[in-house]
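>>> please work out how this folds:
(2 chains)
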2 protein chains.
Amino acid sequence: MLGLMQDWPLTVDKILDHAKNWHGDTEIVTRSVEGPIVRTTYAEAHSRAKRMSNALQALGVTPGDRVATLAWNTARHLEAWYAIMGMGAVCHTLNPRLHPEQLCYIIGHAADKLVLTDLTFASLLLAHRDKMPSVERFIVFTDEAHMPAAGDPRVLCYETLIGEQPDRFAWGGFDENTAAGLCYTSGTTGNPKGVLYSHRSNFLHTLTTLSGDLLGIGARDVVLPIVPMFHANAWGVSFSAPAAGAKLVMPGAKLDGASVHELLETEGVTFSAAVPTVWQMLLQHLRQSGERLATLKRVVIGGSAAPEALVRAFQDDYGVEVIHAWGMTETSPLGAEAMPTAKTLALDPQGQFRERMKQGRAPLTVEMRITDEAARPLPHDGKTSGHLKVKGPFVARAYYGAEDQGILDGDGFFDTGDVATIDAFGFMQITDRAKDVIKSGGEWISSIEIENLAMCHPKAELAAVIGVRHPKWDERPILLVKLKAAETATRQDFLDFLEGRIARWWLPDDVVFLSDIPLGPTGKVDKKVLRERMKDYVLPSTASKG
Amino acid sequence: MLGLMQDWPLTVDKILDHAKNWHGDTEIVTRSVEGPIVRTTYAEAHSRAKRMSNALQALGVTPGDRVATLAWNTARHLEAWYAIMGMGAVCHTLNPRLHPEQLCYIIGHAADKLVLTDLTFASLLLAHRDKMPSVERFIVFTDEAHMPAAGDPRVLCYETLIGEQPDRFAWGGFDENTAAGLCYTSGTTGNPKGVLYSHRSNFLHTLTTLSGDLLGIGARDVVLPIVPMFHANAWGVSFSAPAAGAKLVMPGAKLDGASVHELLETEGVTFSAAVPTVWQMLLQHLRQSGERLATLKRVVIGGSAAPEALVRAFQDDYGVEVIHAWGMTETSPLGAEAMPTAKTLALDPQGQFRERMKQGRAPLTVEMRITDEAARPLPHDGKTSGHLKVKGPFVARAYYGAEDQGILDGDGFFDTGDVATIDAFGFMQITDRAKDVIKSGGEWISSIEIENLAMCHPKAELAAVIGVRHPKWDERPILLVKLKAAETATRQDFLDFLEGRIARWWLPDDVVFLSDIPLGPTGKVDKKVLRERMKDYVLPSTASKG
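Coordinates of the predicted model:
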């Protein structure tokens, strides 16, 4: 027997409708790519998004078509998202940090019909337009006055386009499982793979992240998503802020400490979200300038593990609550958040902090487990590490263009590629990427744990640990260090620093100093490149025997 | 094109699974109907619920069957809910405050196969069992030692039943639109009507209420749902508390001020939800005893408008944040909550309080409007009042057994039967029930507004306003007052009190003192009975002319 409740498909156009109807005059403030800070409202953004849907339709876009965006976090980018998704087309966010070759590959793989771009990337795109045969037009997020000199009829101006259109357009009305967004993972192996979000998955992700124990933003908040919209949907903030009726502050292209700080203070930001690197830059700016954070209450850090010193500085020196979160493109992305529970709050300060530094616990809509190689669930003892797997309504079940290749295990779980522990409080901690874990004498050594410790050394700017072949132990860890400017250090300095802080057999066999450690497109250390660079390296212990 | 995200049906069994997996040792504390305070955990409740599913199956319950409960808020009642819903049967909550005749009607209309009852109601039920032909068995929520003397093989003991069963049972696996719960509205006109909730509607209601701007409870909270599980699902707390991993405190049968206060203090309750009457009793207890509220942070008040004095007392004297909420059985029930926004927080203290006292604003999943008689939307100006209508995934589209009788308007909206205004901040205020509104000279007078003011008179215990026929004005309001014990007052006392606080033409034409004002089964003034009692009443102005 079925219930007798209303059929109300979970489509994301309803999110901007809600913002318009109930928070219509709430502001969206943008540091525009052209320079000035510009202001609009949810009502205005709604009207402009409707105009854009009409413009897209006039350009021949039909439901299911892929429309790409290569853009910073701005109100225009937000409008375009809703314009595309609302009409049933697929919004494909491109990561500008990718190599042009990869961008062309992804655009071709998705067969994007249009590319919407910021001025920043227009010349790059236009230089490669011949390698994007599917793309019929490029639309530049600007007005006529700022349009790049062109003459190419394929290059259109966003403001001119929407200026010509009416602001009535029937959004939604389709199956809630309709595709809404497409985002390629910057996989470190093989070609990038596309995650095809549905309206339902985005909507359920939004409801989940609004909960008090996740982002928990409300109509009192002023939200600054620094994490880019092209980076796993800005962790859903482009949906959750209008859903909550929060004022939205968009940082545009300037993510340096001073620019971010200016927006935080002048707009009264209460909540923000970014990767550790950005917080690190802000912290440096604060320390150098002696400035404070007057309104910021809570920040979410994700993307990679935050250094302990960073979290302590925000908490203790600036009175900002730092929440660690974990997720990935395949999980929409929020999969866990380290919000304290009654039980972790009953721990001593050190214990509380230890739990806060973990990646966090799963919300209702994420089933999570760690398993052994045979997919058997492992205990939540905080010690046993296993393959981290997740299941839920906003977790991918296949990649775009590879629908027939199942990526779920026999129980329907997606293998994240991470290795993790889960403790008795339910807090998950990533100990490594499965491919980075160092297998020494049949046991696992967490490269991440050693890296995080090494990063606490006052002279380290960046640290990475990789495994190298060892005749007896199979693999042994070595520590790669990039020192801060004008610093000097020895191998022994770092080994002494680690000694006593980790198990003896985890101590790296060597420390190698590098002038540079390569980062991938999402700002994480690119271990594939590092391993390639170190391929001729021989361990001292092995070499002496050679 | 459809997205490529996982198919994960939104069924409520996943809520208790989540609580077991991630908050297994979090407590459920119950003031048992037998007397003592008893403790269990989510893990134990999960195990017992699974046993109960097996017991129900053994008794012949199959998916779609209706299983009724007539019970207080206890851990056993909670277990039974999940046992029934998890197996795909329908949990039909009965309101013990209904007249036995009505109970028999409802049980017959739902064709309940089993009735699960607390000891409190066992004798009442058994006395009427011949009028419940569909009911095959009665299960008493107790152990053998407390079972009523029976000998009737149709009367079973809950603890004995589940003691015999294994704790493995496959829950879920069905369509998320499957019926999960049934609750009859205690309609003031006609026979009660059944709202048939689905798993999907309950699940989406749960996600919605977890948001920071609604109940916002998390794993830090200790939650005491005083609002009964038979009263529109305890406003969803039976789902949201386990979903959030909050400790749950169940008050059982004792809702008096002293009993509630004892639980609040001994269990460290941080969040509670109840109708105004209960808060009134608690406040009286606190004032008489001089006791404090050490841990309570936030209470939600709904069911009917809270008197201003009550809200002020909790806020100012006890430091508890009071949140006004609105909803009804047909809306699962939460439809709006008066959580402040950045804009209302920018008002002066009086303005802030005025907004707090309204019924609140709609969350993302509730579309809300006020309309005129022709279903045309009316402006959000805080003055224009119209028919309050709602639409959304947890709003009813038909009543049980009357699937073919549409109850939605042409735009798919459900008419709540309330008359309301919506202001520029998006805050809705109920000004009356459509059937109680007084039509005087072509304009509407809000009976509720006058009642709320009259309730502020220090001598009033209860006040009600009804319309009576008037030859010239069509209807005129009269005020009915029940005085506090040992108080005396005159007609003029109350008219003087109202004078200047409402428009002159809203002033009641008369004040009638009653020794008692009848309440309906959900604790609201029963105006149908009042009107019947006052049917021979003639207005003084009219009488003088007669």
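>>> who does the lengthiest helix in chain A touch, helix- and strand-wise?
Counting by DSSP state H, the longest helix found in chain A is helix A:42-58. The contact analysis (3 or more C-beta pairs under 8 Å, 6 or more residues apart in numbering or on different chains; DSSP states H and E) places helix A:42-58 against helix A:13-23, helix A:75-86, helix A:158-163. The way it works is simple: take the backbone N, C-alpha and C, and place the C-beta from them, glycine included.
>>> identify the residues contacting A:I466.
A:D436, A:I438, A:S447, A:P477, A:I478, A:L480, A:K527, A:L530, A:R531, A:M534 (C-beta atoms under 8 Å, 6 or more residues apart in numbering or on different chains).
>>> wasn't it part of a helix?
No - A:I466 sits outside any helix when classified using DSSP: H, G, I helix; E, B strand; the rest coil, being strand.
>>> can you give me the buried ones in the longest helix of chain A?
Within helix A:42-58, the residues scored as buried using 16 or more other C-beta atoms under 10 Å in any protein chain shown are A:42-56.
>>> then stretch A:344-360?
Within stretch A:344-360, the residues that qualify as buried are A:T344, A:R354, A:E355, A:R356, A:M357, A:K358, A:Q359, A:G360, counting by 16+ other C-beta under 10 Å.
>>> for stretch A:441-448, same thing?
Buried, per 16+ other C-beta under 10 Å, within stretch A:441-448: A:I445, A:S446, A:S447, A:I448.
>>> show residues contacting it.
Contacts of stretch A:441-448 (C-beta under 8 Å, 6+ apart): A:305, A:385, A:419, A:430-433, A:436-439, A:464-467, A:472-474, A:477, A:505-506.
>>> now with 10 Å, please.
Applying C-beta atoms under 10 Å, 6 or more residues apart in numbering or on different chains, the contact partners of stretch A:441-448 are A:304-305, A:385-386, A:418-421, A:429-434, A:436-439, A:452, A:464-467, A:470, A:472-477, A:479, A:502-503, A:505-508, A:525, A:527.
>>> cool, stretch A:370-381 as well?
With contacts defined as C-beta under 10 Å, 6+ apart, stretch A:370-381 is touched by A:369, A:384-389, A:409-411, A:413, A:415, A:418-428, A:431, B:21-22, B:24.
>>> list the ones among these that fall in strands.
Members of the contacts of stretch A:370-381 lying in strands (criterion: DSSP state E): A:369, A:386-389, A:415, A:418-422, A:428, A:431.
>>> settle this for me: A:D516 is touching A:K482, isn't it.
Yes - the pair A:D516 / A:K482 is scored as a contact, 6.3 Å apart, by C-beta atoms under 10 Å.
>>> overlap of the contact sets of these two?
A:L462.
>>> okay, these two: which has more neighbours?
A:K482 (16 against 8; other C-beta atoms under 10 Å in any protein chain shown).
>>> my read is that one is in a strand, agree?
Yes - counting by three-state DSSP, A:K482 is located in a strand.
>>> that one contacts A:L514, correct?
Yes - the pair A:K482 / A:L514 is scored as a contact, 5.4 Å apart, by C-beta under 10 Å.
>>> which neighbours do the two have in common?
Joint contacts of A:K482 and A:L514 (C-beta under 10 Å, 6+ apart) are A:L462, A:A463, A:A464.
>>> what sits against the nearest residue to A:G520 once chain neighbours are set aside?
Residue nearest to A:G520 in three dimensions, not counting chain neighbours: A:D526, with 4.1 Å by C-beta to C-beta, 6 or more residues apart in numbering or on different chains. Counting by C-beta under 10 Å, 6+ apart, A:D526 touches A:S186, A:T188, A:A464, A:I517, A:P518, A:L519, A:G520, A:E532, A:R533.
>>> ok so, going back, please flag which of the buried residues of stretch A:441-448 sit within helices.
A:S447, A:I448.
>>> which of the buried residues of stretch A:441-448 sits closest to A:I28?
Nearest to A:I28 among the buried residues of stretch A:441-448: A:I448, at 36.8 Å, using C-beta to C-beta.
>>> ok, the closest one to A:T277 distance?
16 Å (C-beta to C-beta, to the nearest Å).
>>> with A:I466 instead?
Look at A:I466 and A:T277: by C-beta to C-beta, they are 20 Å apart.
>>> beta partners for the residue in the stretch 101-250 of chain A that chain B sits nearest to?
Residue nearest to chain B within the stretch 101-250 of chain A: A:S198 (2.6 Å; C-beta to the nearest C-beta). Counting by DSSP bridges, A:S198 is bridged to A:A179.
>>> burial count for it?
For A:S198, the neighbour count with other C-beta under 10 Å is 28.
>>> how about the host helix or strand of A:C91, does it reach chain B?
Assigned by DSSP states H and E, A:C91 belongs to strand A:90-93. Yes - against chain B, strand A:90-93 shows contacts by C-beta under 10 Å from any C-beta of the partner chain at A:V90.
>>> show me what that strand is packed up against.
When contacts are defined as 3 or more C-beta pairs under 10 Å, 6 or more residues apart in numbering or on different chains; DSSP states H and E, strand A:90-93 packs onto strand A:66-70, helix A:75-86, helix A:100-110, strand A:114-117, strand A:179-185, strand A:193-198.
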